[in-house]
Every structure is written in structure tokens, then in C-alpha cells.
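1. next come a sequence and a model predicted from it.
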Amino acid sequence: MHLILPFLSSLLFVTGLLLIKRTANDGVRSLTTLFLSNVFCGLLFSALWMLGGEPVKPGLLWQPAVLACLYLLGLSLTFIAVQRGDVSLATPVFGIKVVFVPLLLAWVWAEPLPTTLWIAAGLAFCGIATIQGTGQGTRRHVWFTLSLATAAAAMYATFDVLVQRWSPVWGTGRLLPLVFWTVALGSLFLVPRVQWEKLRRPRIAGLLFPGAGCIALQSLGIVFTLAMFGDATRVNIVFALRGLWGVLLAWAVARTWGGAEAELSGRQIGQRALGAVMLTAAVTLALASES
């Protein structure tokens, strides 16, 4: 049942990115989006303090600081990748995290994983690669988006594994609020770079505020699940469905409001459908390995 949250988070993630992508077309820069999303995260994660936990140990405060830096780097790279590239290209590539996570768990912490989970991670990677192979644009454009999305996935994978490892020492109600209060405080340095005049425009605010809110909510869903239940590999395999939603929703939005995804050929649509089938099979295997 705890995998419901990453499933919902996969939908929130793509919805948020699509809204943010549309504001980028109106000249909203990634620093403005980053600031708003981080403030929302700081507010949302404050509610977890009521869950309680161990007394705060000053000697361990470096741990939430490290997690905050990883999150900020990952989210910054995510927004740049999406605003400079295509949502339907970048989103599946973020899912390469499903390979990074088990590698970190198995090689760094020697945590054994069932064979079915390795197969599921491999299937998810193949599905992501199949969808990514339908990217449009120049080779330089595609590789720029690919590189940023891969780097963001590496930051998120390290973040997820460390949350799973460090949460038991702190308690969910202590580690996560401290992490995202640090994220929000660090974002104060962005205040001079925020495009306040853009935020005062009703059309932009009507897209950017819900978009940043969706990103903050999906962060809450994923990070809370990892801190409470661990199970980083299965959580990320289910969360990899965002690659499927990224393709389908981006195509639907482009058909309605315009965009590069509306020009996909029949071959590209078929290739993305094949990738979606692989992702679905990976999630099914991940769920079956839990029983």
C-alpha cells in the first residue's frame, strides 16, 4: 500500500513540469521556479514535525545539510532540463534513477536485493531508453537535455538512498523538516534573482503556483515514503511511471495548446508505447517481488 504515494507522485511530477514548461515560454527563468518550489516544500514538510522523532543532535546536522544540497542540485538540473528541452524527452530520462538506486544500495552498503528487482530495474531502464530514443530536435539539443536529466537522476538517487539510511537515526518528523527548512532558507539567496513582475501576472501565476505546488507535493510523497518505509528500489520503479505520463500528457497538452510533441510520427508513437509497456512490466515485477 505504501507504493500508492510514489504512483500519485509520478502524476504530480509530470503535471507540475508541464505547467512550469508553459511558463518558461513566457520568459520565466528556472531560478524563479526553483525559489517558489522550495518555499512550498519548506511549508509542506513543516507539518511532519508533529510526527516526532529523536532529539536533534548538533553533531549530525551535517546530514540534513548534505541532503538539502543534493535536493537543490537535483531540482535545479531538473528545471533547466525541462525549460531548455522537451518534457517528453527529459522526464523518461529522469527515471534512470531506478538503476542508480539499487547500484548504490548493493555496492556501497552491500544491501542484498532480489533477482526480480534487478530484472525490474533493467526493464525500467530499457523502457526509459526506448522512449528517450524518440526525442526530437538537434543532436546537441537532445544530448544537452539527456546530460542534465541524467545528472539530476544521480543527485536524486543519492538523496533517496541517504534518506533511507539516515531516517531511522533521526525519525521522520525530525530529519525531513530540517532538510527542507534548509532548502527553503538556502533559497533566500535567490530572492534578488526572482522575477517578481512575472509572478504578478495572473496568467503566469495561474500556471506557476500550481506547477510549483505539484512539484512540492510529489517531493513530500516520495521522501515521506522513503523515510517511513525505506524500500527505495521499489519506490523508484513505481515512480518511473512518470516517464509514461510525461509522454502521454505532454502529447495531449501539445495537441491542445501546441508544442513539439504534437508532431510525433506513427513510428515514434509506437516506440513510446513499447517503452510504456516495459515500464509497466517493471512496476508489475517490483510489486510481485514484495509478496
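-> All right, it came through fine. The structure presented is a predicted model; accordingly, all values stated were derived computationally and were not measured.
2. surely Thr145 and Gln83 touch.
-> No - the criterion here is CB atoms under 8 Å, and Thr145 misses it with Gln83 at 10.2 Å. C-beta coordinates here come from the backbone N, C-alpha and C atoms, glycine included.
3. who's more crowded, those two?
-> Thr145 (23 against 19; other CB atoms under 10 Å).
4. which SS class is that one?
-> Reduced to three states with DSSP: H, G, I helix; E, B strand; the rest coil, the structure at Thr145 is helix.
5. extract the CA atoms of the helix or strand containing Gly186 and return them as PDB.
-> Gly186 is part of helix 172-186 when elements are defined by DSSP states H and E. Output of helix 172-186 as PDB, limited to C-alpha atoms (Å, rounded to 0.1, in the frame of the first residue of the first chain):
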ATOM      1  CA  THR A 172      10.700  11.000  10.000                       C
ATOM      2  CA  GLY A 173       9.400  14.000  12.000                       C
ATOM      3  CA  ARG A 174      12.900  15.400  12.500                       C
ATOM      4  CA  LEU A 175      15.100  14.700   9.500                       C
ATOM      5  CA  LEU A 176      12.700  15.700   6.700                       C
ATOM      6  CA  PRO A 177      11.600  19.100   8.200                       C
ATOM      7  CA  LEU A 178      15.200  20.000   8.900                       C
ATOM      8  CA  VAL A 179      16.200  19.100   5.300                       C
ATOM      9  CA  PHE A 180      13.500  21.200   3.700                       C
ATOM     10  CA  TRP A 181      13.800  24.100   6.100                       C
ATOM     11  CA  THR A 182      17.500  24.200   5.000                       C
ATOM     12  CA  VAL A 183      16.300  24.000   1.300                       C
ATOM     13  CA  ALA A 184      13.900  26.900   1.900                       C
ATOM     14  CA  LEU A 185      16.500  29.000   3.800                       C
ATOM     15  CA  GLY A 186      19.100  28.400   1.100                       C
END
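6. buried residues, it. List them.
-> Buried residues in helix 172-186, counted by 16 or more other CB atoms under 10 Å: 172-184, 186.
7. which helices and strands sit right next to it?
-> Helix 172-186 makes packing contacts with helix 30-46, helix 62-84, helix 139-170, helix 202-229 when contacts are defined by 3 or more CB pairs under 8 Å, 6 or more residues apart in numbering; DSSP states H and E.
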